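>>> Provided below for reference: sequence and predicted model.
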Amino acid sequence: MSIRYAVIALKEKHVEPVVLQLNALKMERIAEWLKKERHSLYGPTMEDWKPFNGQSVDAFLQDGDPQQVFYSETELIDNLRDDLSNIDILVGAEIELFFLDVFALFSDWHQNLAMRIDNSVADNRDKKCCLVIPYNLSDEVLQVLNRYRQVWTSVVKGYLLGNFCPVVLRADDMMHLKKFVPRLPRLGSVPNLGKGSAMDQAWGSGQKPTLG
Amino acid sequence: MADRATRSLSWSDALVKADLVFGLRGWGLVLYGVLPANLALLGMLEIKLSNLANLLPFIVPVVFLPLATTFLLIRSRHKDWYLTTRLLNIRSLIVTGIIVLLATLISGVSGIIHGRYALSWAMLGSRQHLTTIAESFLLAVGSLVLTSTLFLTILTRDGNFPGIPTADFVTLLKDIRGELRLLQRSPIWSGFSGLDARTDQNVTSLEQHLVKLTTLSAHTLPKLALAPVHSGVNSFRRAAKEIAGAGNDASKEIRWKRYFALAANSGSKLEEGKPAPARTPDDAFMIQLLKTMPLGD
């Protein structure tokens, strides 16, 4: 069963008003960065958004995966009219996962869209939403994350294999963690076979990292 | 590396075009067509024109019948040997012309060997020269009529002769043509709801026949020419999978337009405001190719 996802990102034509908005909010450094990166980050459609080192969300999720577990419904969002009068095209789309471009928070159209779908995304336990912030937006954060990778090498490796070890950036993330962790498999409960085989593949017969 | 790939692509393109114009995949047809003209070497055929100008009104209708028959027989074979009817008439004309030209040359050379004609550049364009050409031409046409048993056998039966597509190939191509015709008539071209089980089954069968054809030995040119059909079927399969996997009708509609609108609107301009295929122009183009392929009756 596919996991349907959609990208809610800026298009290239949206960048200019967002830059103005950022400048008006005294975020000149970020505005300058966005202006500089506009051509490498954005294109004519939302699917062209490339937040991961020149790689789009589609390319990232579908690259090398013959099963194609992830199924893009971004075109539905892309086909929404400027006045959102055709928002009913999202009815029954069964989108489970949303990727939000951080700069879309500063675009009027995307704000209107958020107002229209915010409740339906929030009021459903099957829906997931990720805010994507380009890591090279800030040199300092980039350095901190690189240090994390160097010091906690195995943890970061396990994270890439799907283990749950997210980066907590603010108090809200900690609150989320408090609610989410009890939902995860507990020690002594049914082992997560999928995760086990992934670990076997990554570590072979060598000693695997264990908790405690 | 890229240069080599581009060069080989242009080479294969040129070969496919040459095959389409000159009927290269059935080169044996020219050979078998010209063969009877060699009887002139034995001195079995001879024609003497006394006055070319006076005989011209009789010659034209006399040669028309064998030439037209040969053309029609070649056309009928080429229709079976090629998937589409693209350039069919021109190709058949060219092949007929090549056969007659070579047979004329052989007849002329036979005349030189038998001492009836003399090779002289000084006579080029003279009345005698024209008479010689006319005699050789008539002999060539006559050889087609008189001694064409082998020629006709090849032209009317699917035999396995050197230089001619095999019976297996012709049968497979016939199946592929039939399945493409069915695909062209599929309701998928009018909307996403047309993606039914019958179309799916037809595409599966088409894929299987295309794969089977690629496993046949030889037939390099037809395999090169059928590569776009294979790509088109793969694109169709991808599009069908995407449409079937979409969550709701709006998403299916968007995907259908992305892949099929170009083909559905081929011949007319896309309606204002309707999205042209943006992210998958190659797939949309290849699917359009399947729809617009002239397959004949």
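Thanks, I have it.

>>> Is residue B:286 in a helix, a strand, or coil?
Three-state call for residue B:286 (DSSP: H, G, I helix; E, B strand; the rest coil): helix.

>>> let me redo that: residue A:26
Residue A:26 carries the three-state label coil when classified by three-state DSSP.

>>> which residues in chain A form strands?
In chain A, strands defined by DSSP state E lie at A:3-8, A:70-72, A:97-101, A:128-132, listed in chain order.

>>> Tabulate those strands (JSON lines), appending distance to residue A:186, mean neighbour count and mean pLDDT.
Where C-beta positions appear, they are placed from N, C-alpha and C, glycine not excepted. Compiled in JSON lines, these are given as follows (distance: least, Cβ to Cβ, whole Å; neighbours: other Cβ atoms under 10 Å in any protein chain shown; pLDDT from 0 to 100):
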{"stretch": "strand A:3-8", "distance to residue A:186": "24", "mean neighbour count": "22", "mean pLDDT": "93"}
{"stretch": "strand A:70-72", "distance to residue A:186": "28", "mean neighbour count": "21", "mean pLDDT": "90"}
{"stretch": "strand A:97-101", "distance to residue A:186": "25", "mean neighbour count": "21", "mean pLDDT": "94"}
{"stretch": "strand A:128-132", "distance to residue A:186": "21", "mean neighbour count": "14", "mean pLDDT": "91"}
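
>>> Which of the ones you listed sits closest to residue B:161?
strand A:70-72 (52.0 Å; Cβ to Cβ).

>>> hmm, back to that, mind checking the strands of chain A for the one nearest to residue B:288?
When the strands of chain A are compared for distance to residue B:288 using Cβ to Cβ, the nearest one is strand A:70-72, at 23.1 Å.

>>> Could you point out which of the strands of chain A sits nearest residue A:32?
If we rank the strands of chain A by Cβ to Cβ, the stretch that ends up nearest is strand A:97-101, at 17.8 Å.

>>> hey, C-alpha coordinates of the closest one in PDB?
What follows is strand A:97-101 as a C-alpha-only set of coordinates in PDB (Å, rounded to 0.1, in the frame of the first residue of the first chain):
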ATOM      1  CA  LEU A  97       2.200  12.900   4.500                       C
ATOM      2  CA  PHE A  98       2.700  16.600   3.800                       C
ATOM      3  CA  PHE A  99       6.100  18.300   3.300                       C
ATOM      4  CA  LEU A 100       6.000  22.000   4.000                       C
ATOM      5  CA  ASP A 101       8.500  24.400   2.600                       C
END
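
>>> following the longest helix anywhere in chain B, which helix or strand shows up next?
If you go by DSSP state H, chain B has its longest helix at helix B:52-81. Following helix B:52-81 in sequence order, the next helix or strand is helix B:88-113 (DSSP states H and E).

>>> What is that following helix packed up against?
Packed against helix B:88-113 by the contact rule (3 or more Cβ pairs under 8 Å, 6 or more residues apart in numbering or on different chains; DSSP states H and E) you find helix B:2-22, helix B:27-34, helix B:52-81, helix B:127-146.

>>> buried set for the shortest one?
Within helix B:27-34, the residues that count as buried by 16 or more other Cβ atoms under 10 Å in any protein chain shown are B:27, B:29-34.

>>> relative to helix B:88-113, how tilted is it?
Using axes from the mean of the first three to the mean of the last three Cα atoms, to 10 degrees, the direction of helix B:27-34 lies 40 degrees away from that of helix B:88-113.

>>> How far does helix B:27-34 sit from its chain's centre?
Averaging C-alpha positions (Cα atoms, centre = their mean, to the nearest Å) puts helix B:27-34 15 Å from its chain's average.

>>> so where is chain B shaky, pLDDT-wise?
Residues of chain B meeting the criterion pLDDT under 70: B:1-9, B:44-46, B:48-54, B:56, B:146-159, B:266-281.

>>> Now name the helix or strand holding the closest residue to chain A within it.
Ranking the residues of chain B by distance to chain A (Cβ to the nearest Cβ) places residue B:250 first, at 3.5 Å. Here residue B:250 sits within helix B:249-264, counting by DSSP H and E.

>>> helices or strands up against that helix?
Using 3+ Cβ pairs under 8 Å, 6+ apart: helix B:249-264 touches helix A:74-78, helix B:220-245, helix B:281-292.

>>> Compute the inter-axis angle for the second one and helix B:281-292.
If you take the same axes, to 10 degrees, helix B:220-245 sits at 110 degrees to helix B:281-292.

>>> Check whether helix B:220-245 comes near chain A.
Yes - Helix B:220-245 comes into contact with chain A when judged by Cβ under 8 Å from any Cβ of the partner chain, the residues involved being residue B:245.

>>> What residues sit buried inside that helix?
Using 16+ other Cβ under 10 Å as the burial criterion, the residues of helix B:220-245 that qualify are B:221-226, B:229-233, B:235-236, B:239-240, B:242-243, B:245.

>>> Contacts only, for residue 74.
You didn't pick a chain, so chain A it is. Contacts for residue A:74 were tallied using Cβ atoms under 8 Å, 6 or more residues apart in numbering or on different chains; they are A:5-7, A:45-47, A:57-58.

>>> meant chain B, my bad for not saying
Residues in contact with residue B:74, defined by Cβ under 8 Å, 6+ apart, are B:29, B:33, B:92, B:95-96, B:99, B:155.

>>> Just give the number of residues close to the nearest residue to it once chain neighbours are set aside.
Closest residue in space to residue B:74, ignoring its immediate chain neighbours: residue B:92 at 4.8 Å, by Cβ to Cβ, 6 or more residues apart in numbering or on different chains. Under the neighbour criterion other Cβ atoms under 10 Å in any protein chain shown, residue B:92 is assigned a count of 21.

>>> same deal with residue B:84?
The burial count for residue B:84: 17, using other Cβ under 10 Å.

>>> does it really touch residue B:295, like I thought?
Yes - using Cβ atoms under 8 Å, residue B:84 and residue B:295 qualify as a contacting pair, with a distance of 6.0 Å.

>>> Look up how far chain B lies from the spatially most central residue of chain A.
In chain A, the C-alpha nearest the mean C-alpha coordinate belongs to residue A:130, at 3.9 Å (Cα atoms, centre = their mean). Using Cβ to the nearest Cβ, to the nearest Å, we find residue A:130 at a distance of 19 Å from chain B.

>>> Quick check: bridge partners of that residue?
Residue A:130 has these beta-bridge partners by DSSP bridges: residue A:99.

>>> Near chain B, which residues of chain A are found?
Contacts of chain A with chain B, taken as Cβ under 8 Å from any Cβ, map to A:2, A:4, A:44-45, A:47, A:71, A:73, A:75-76, A:79, A:88-95.

>>> Go again with 10 Å.
Taking Cβ under 10 Å from any Cβ of the partner chain as the test, the list of chain A residues beside chain B reads A:2, A:4, A:6, A:43-45, A:47-48, A:58, A:68, A:71-73, A:75-76, A:78-79, A:86, A:88-96.

>>> Buried only: go through the residues you listed for me.
Among those, those that count as buried by neighbour count (16+ other Cβ under 10 Å) are A:2, A:4, A:6, A:43, A:45, A:47-48, A:58, A:71-73, A:75-76, A:78-79, A:89-90, A:93, A:95-96.
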